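In: Sequence below, structure please.
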Amino acid sequence: MSTTTTKAIVVPGRPTWQQTMLRIADPAKSLPFYQDVMGMTLIDTLDFPQWSFKLYFLTTLPEGETYKLTPGTKEAHDYMWSLEGTAMELTHNYGTEDPSFKGYHAGNQEKDGFGHVAFNTDDVYAACEKLEQAGVAFKKKPDEGRMKGLAFAYDPDGYWVEILKRGEAGKIPNYFNFSQTMLRIKDPTKTIPFYEAMGMKVVRKKNYGSFSNYFLTTNCEGIIDHLDVENMSDEEAKKNMSMLFGPVLELTHNHGTENDDDFKHYNGNEEGRQGFGHIGFLVDDVYEACDGIRTMGYGFKKEPDGGSMKGLAFAYDPDGYAIEIIKRGGIEFGDVKVESK
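Out: Numbering: from 1, shown residues only. Now for the predicted structure:
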């Protein structure tokens, strides 16, 4: 793997983080969890019966905003592929809803890269009571463990869903908002510049002694894009970050992994460990963006003209995670569309 520095590189085409992909066993269970319990909106679907899978895209819309488009239509596609926020892409492979399916790998075992997704709320304790009443199980309740005041729930596939407190109550009307995707990284001196080249900004970093967390986002909504994070107290950075409506990418570095040439996290796509799939970015021109990404030297899983879907790509980041590169506005994916009402 290349050790080329990426600090001076800016990938062209205004890349913005647009999706986190998780595989799900049964949409009849996962969709109600994320829609009815976590307050997300299903904004689009892409159905590929020729390849036996269907994609569901959900996001947190501002409280009171009514979504009038029908998922699966061209109009919903146009909306979704122009989204300035970040969606959760839930991938259902036909047949996995059968009870004989053993389930996906939710992460958080030895050397797993994917950790969790997260949602912010005004009151973690009240939120967890509400989740428990809805039948949601927990990995950790707010007063358990060493870190008080935060929780980890399980979604229907066993993925960890962190519940975090906003820095100031009453400012974001939504009960929950999608707020994080966490990935473990080997070497921040490689990974952080990669994501900065992809248009992201570090909005908080915290050294806990044996590990460090780095939080990055795109489209900072004018709240923190002008602030000097390097000279800001962690308390202030944490509060500012918690008041973002859109999610941050949390990159966790366990100290020392950068010194082990043989160390590598599982990326979620290995046989027998499939669960998390990728994160994705929208760009103005996939080919130009890939030319910029290529100079960083980490390679591609799929070039823009490779495979059956032309015009989209999957690059690798420094840790081997798949990074989907999609044209802003979308392309013809070959899915079976729903007719507009």
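
In: next one: stretch 300-310 to chain centre, how far?
Out: Computed by C-alpha atoms, centre = their mean, to the nearest Å, the chain-centroid distance of stretch 300-310 equals 22 Å.

In: Not counting that stretch itself, show me its contacts.
Out: 286-287, 290, 293-294, 311-316, 322, 325, 331, 333-334 (C-beta atoms under 8 Å, 6 or more residues apart in numbering). From N, CA and C alone the C-beta is placed, and that goes for glycine too.

In: Farthest-apart pair in these, please.
Out: Farthest apart among the contacts of stretch 300-310 by C-beta to C-beta are Arg294 and Gly334. That separation is 25.7 Å.

In: So if I had to pick from these two, which one is more boxed in?
Out: More neighbours surround Arg294 than the other of Arg294 and Gly334, with 15 against 12 (other C-beta atoms under 10 Å).

In: now what about the lowest-mean-pLDDT helix or strand in the chain, what contacts it?
Out: The helix or strand of the chain with the lowest confidence, counting by mean pLDDT, DSSP states H and E, is helix 234-242 at a mean of 92. Helix 234-242 has contacts (C-beta under 8 Å, 6+ apart) with 120, 164-168, 179, 203-206, 215, 217, 223-224, 227, 229, 232, 248.

In: So Cys128, which state does it fall into?
Out: Following DSSP: H, G, I helix; E, B strand; the rest coil, Cys128 is assigned to helix.

In: For stretch 277-285, what does the pLDDT average out to?
Out: Mean pLDDT, stretch 277-285: 98.

In: got a list of contacts for it?
Out: 11-23, 81-83, 89, 91, 181, 183, 198-199, 249, 268-269, 289, 314, 321-328.

In: Just the buried ones from these?
Out: The neighbour-count test (16 or more other C-beta atoms under 10 Å) marks 11, 13-23, 81, 83, 89, 91, 181, 183, 198-199, 249, 268-269, 289, 314, 321-328 as buried among those.

In: Where does the prediction get shaky in the stretch 201-341 of the chain?
Out: 220-228 (pLDDT under 70).

In: any chance you could map the helices in it?
Out: 234-242, 286-294 (DSSP state H, counting those that start in this stretch).

In: okay, these, which one's buried deepest?
Out: A comparison of the helices of the stretch 201-341 of the chain by mean neighbour count, using mean count of other C-beta atoms under 10 Å, puts helix 286-294 on top with a mean of 19.

In: so what does that helix touch, helix or strand wise?
Out: Packing partners of helix 286-294 (3 or more C-beta pairs under 8 Å, 6 or more residues apart in numbering; DSSP states H and E): strand 300-302, strand 313-316, strand 322-327.

In: who wins for proximity to Thr96 among the ones you listed?
Out: strand 322-327 (19.8 Å).

In: quick revisit: now which of the contacts of helix 234-242 would you call buried?
Out: 120, 164-167, 179, 203-205, 215, 217, 224, 229, 248.

In: Out of these, which sit inside strands?
Out: 120, 164-165, 179, 203-205, 215, 217, 248 (DSSP state E).

In: out of those, what pair is the most spread apart?
Out: Those two in these that are separated most widely, counting by C-beta to C-beta, are Lys165 and Lys205, at 19.7 Å.

In: Just confirm Pro32 is within a helix.
Out: Yes. Assessed with three-state DSSP, Pro32 lies in a helix.

In: Tally up the residues packed near it, please.
Out: Residues near Pro32, counting by other C-beta under 10 Å, number 13.

In: Please tell me how far it sits from Gly72.
Out: Here Pro32 is placed at a distance of 18 Å from Gly72 (C-beta to C-beta, to the nearest Å).

In: ok, Asn259 to Ser210 distance?
Out: Distance from Asn259 to Ser210, by C-beta to C-beta: 14 Å.

In: now swap in Lys139 and tell me
Out: Taken as C-beta to C-beta, the span from Lys139 to Ser210 is 21 Å.

In: start to end distance for stretch 150-169?
Out: Start to finish, the residues bounding stretch 150-169 are 15 Å apart (C-alpha to C-alpha, to the nearest Å).

In: ok now stretch 81-91, how far from the chain's centre?
Out: Per C-alpha atoms, centre = their mean, the centroid offset for stretch 81-91 relative to its chain is 9 Å.

In: ok, now stretch 280-293?
Out: Worked out by C-alpha atoms, centre = their mean, stretch 280-293 lies 18 Å from the chain centre.

In: Over to stretch 235-252?
Out: Counting by C-alpha atoms, centre = their mean, stretch 235-252 comes out at 14 Å from the chain centroid.

In: CA-only coordinates of it, as PDB, when you get a sec.
Out: Written as PDB, here are the backbone C-alpha positions of stretch 235-252 (Å, rounded to 0.1, in the frame of the first residue of the first chain):
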ATOM      1  CA  GLU A 235     -15.800  20.700  25.700                       C
ATOM      2  CA  GLU A 236     -16.600  23.400  23.200                       C
ATOM      3  CA  ALA A 237     -15.800  21.200  20.200                       C
ATOM      4  CA  LYS A 238     -18.000  18.400  21.600                       C
ATOM      5  CA  LYS A 239     -20.900  20.700  22.100                       C
ATOM      6  CA  ASN A 240     -20.600  22.300  18.700                       C
ATOM      7  CA  MET A 241     -20.400  18.800  17.100                       C
ATOM      8  CA  SER A 242     -23.400  17.600  19.100                       C
ATOM      9  CA  MET A 243     -25.600  20.400  17.700                       C
ATOM     10  CA  LEU A 244     -25.000  19.400  14.000                       C
ATOM     11  CA  PHE A 245     -28.100  18.100  12.400                       C
ATOM     12  CA  GLY A 246     -26.200  15.800  10.100                       C
ATOM     13  CA  PRO A 247     -23.900  13.000  11.000                       C
ATOM     14  CA  VAL A 248     -20.100  12.900  11.600                       C
ATOM     15  CA  LEU A 249     -17.700  10.200  10.600                       C
ATOM     16  CA  GLU A 250     -16.100   9.000  13.800                       C
ATOM     17  CA  LEU A 251     -12.600   7.400  13.200                       C
ATOM     18  CA  THR A 252     -11.200   5.500  16.100                       C
END
